[in-house]
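Asker: Have a look at this prediction, sequence included:
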Amino acid sequence: MDGPQSRFLNVSLLPGSQAHLAYYARASPGLPAAGHSPRPVPSRPGLQLHFFGGKTIADLVYVNRYLGGPGAWDPADRASIDAALAKAMSDNALQSVLQQYYKSAISSRMLPSAVLPGRVPATVYKNQVEALAARIYRSGALGGADPGRTLVNIMLPRGVVLVDGFSPGFLPAKGTEAEHERRLRAVVTVGAEAADSRHGLGGYHGSTNVAGAAVYYAVGVYSEGGNGVPVFDQPWKNVAATFYHELNEARTDPDVEDAIRTGDSSRLGWYSAEGGEVGDIPVREAGTRLALVFTEIELADGSDAVPVQLMWSNQDDGPARRIDLASPSLPCGVVQPPGDPSHGPPGRRPPAPRERPVVRGVDHWVPPFAGPVSPGRTGERPIPDIKESPL
């Protein structure tokens, strides 16, 4: 097998962590000229998102699956996470930041969530996540939703470590050996081992092929202590912020895993040559000042506040809570399903009055720092495949 290759980003990271530094050391340099950016003359063009010609998802559907059985999750935490994601993904102000990357109005819809029974290994690897995403898809969790625009959110319970690499002894399906070799070269390492949530990895998104259909997924850890991206005062808020990050990146760059598998940048959607995906750039630039991008945002209708990580706005050359859309008459297009209390009353709310983003300019940022890290996995006992779970 050849040496490491450059790597497109599809991860949620703790700023300044060993994982953060390792991923950006491998981030793909020298990307070819891309398509257009909504802002013609950015102040720092390398950080701007550009469209590379790949797929994007305007009308996003997503479903939350909590692993480990009812005993692994506090019902109040699950309810809070579901409500926070539903509200954030249907907030006209927050979603106006994403709207700038689409010509037509965008929408988001959450399917009913569920807890999956069965034991979860102490450590979960990428191949196990992809196998589970395929089983969730085959189980009918998507209902009648189009899998081509639906994301399965796989939520790991407290204490489980997530690895962005393959389990010991994993063998790829016959006929995919060459592809797997390339994926192995793309694995980012901290020391001699694949990056994991004990080094600052909060989660990632990707896709897997099931009978010719692309099944999109995101996976994230229960961030607290030395695991994941623990930035808020309550762990459920960390989970919500991680999946808000992944949902918006999966919407704007759903086929990044294909780009990683093949090295073909034309499969990317919206991507920054220096910063990565729409959620990566603010984290990269925030450095030690995490509160600039990890924050609780009051909803446009004033009904609540939700924990999120702010997304990058080309229009503002920085992360933003809302933007002035090019056409004030164009609604954000966020769908609020009737009868869903987490979304409020049926129908669209009128856009909130426009205001300058509270966080907007790049002049406030400091570079990434080398923060404290947690112990590695050296000498860890191998964990059986997740397929042994009765899920």
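Answerer: Everything's here; your move.
Asker: Tell me the secondary structure at the closest residue in space to G148 that isn't next to it in sequence.
Answerer: Computed as Cβ to Cβ, 6 or more residues apart in numbering, the closest residue to G148 that is not its neighbour in sequence is A214, at 6.5 Å. No exception for glycine: its C-beta is placed from N, CA and C like everyone else's. Using DSSP: H, G, I helix; E, B strand; the rest coil, the structure places A214 in strand.
Asker: Neighbours of D316, how many?
Answerer: 21 (other Cβ atoms under 10 Å).
Asker: That one contacts I323, doesn't it?
Answerer: Yes. With contact defined as Cβ atoms under 8 Å, D316 reaches I323; the gap is 6.4 Å.
Asker: so V152 touches R65, yeah?
Answerer: Yes. At 6.4 Å, V152 and R65 qualify as touching, with contact defined as Cβ under 8 Å.
Asker: what do these two both touch?
Answerer: Contact criterion Cβ atoms under 8 Å, 6 or more residues apart in numbering; residues shared by V152 and R65: 136, 141.
Asker: The residue nearest to G148 touches T150, doesn't it?
Answerer: No. Using Cβ under 8 Å, A214 makes no contact with T150, being 10.2 Å away.
Asker: Could you name the helices and strands sitting against the strand or helix carrying A83?
Answerer: Using DSSP states H and E, A83 falls within helix 75-88. Applying 3 or more Cβ pairs under 8 Å, 6 or more residues apart in numbering; DSSP states H and E, one finds that helix 75-88 contacts strand 59-67, strand 107-110, helix 235-252, strand 305-309.
Asker: Now do the helix or strand that the second one is followed by: distance to the chain's middle.
Answerer: Proceeding N to C from strand 107-110, the next assigned helix or strand is strand 114-116, under DSSP H and E. On the basis of Cα atoms, centre = their mean, to the nearest Å, strand 114-116 sits 20 Å off its chain's mean C-alpha point.
Asker: Could you tell me which other helices and strands strand 114-116 packs against?
Answerer: Using 3+ Cβ pairs under 8 Å, 6+ apart: strand 114-116 touches strand 59-67.
Asker: can we see that at 10 Å?
Answerer: Judged by 3 or more Cβ pairs under 10 Å, 6 or more residues apart in numbering; DSSP states H and E, the packing partners of strand 114-116 are strand 59-67, helix 75-88, helix 126-138, strand 150-155.
Asker: Would you mind finding the most buried of those?
Answerer: Most buried of the helices and strands packed on strand 114-116, by mean neighbour count (mean count of other Cβ atoms under 10 Å): strand 150-155, with a mean of 26.
Asker: Given that strand, what are its sheet partners and their directions?
Answerer: Looking at strand 150-155 with DSSP bridges, its partner strands are strand 59-67 (parallel), strand 213-220 (parallel).
Asker: what helix or strand does P15 sit in?
Answerer: Counting by DSSP H and E, P15 is found in no helix or strand.
Asker: That one against Y23, yeah?
Answerer: No. In this structure P15 lies outside contact range of Y23 using Cβ atoms under 10 Å: 11.4 Å.
Asker: give me the low-pLDDT residue ranges for the stretch 201-350 of the chain?
Answerer: Along the stretch 201-350 of the chain, segments meeting pLDDT under 70 span 326-350.
Asker: Tell me the spacing between the most centrally placed residue in the chain and A192.
Answerer: By Cα atoms, centre = their mean, the chain has its centre lying nearest to E246, at 1.5 Å. Distance, E246 to A192, by Cβ to Cβ, to the nearest Å: 27 Å.
Asker: quick one: terminal-to-terminal distance for stretch 113-123?
Answerer: 23 Å (Cα to Cα, to the nearest Å).
Asker: so how far is it from its chain's centroid?
Answerer: 20 Å.
Asker: for stretch 269-286, same thing?
Answerer: On Cα atoms, centre = their mean, the centre of stretch 269-286 falls 12 Å from that of its chain.
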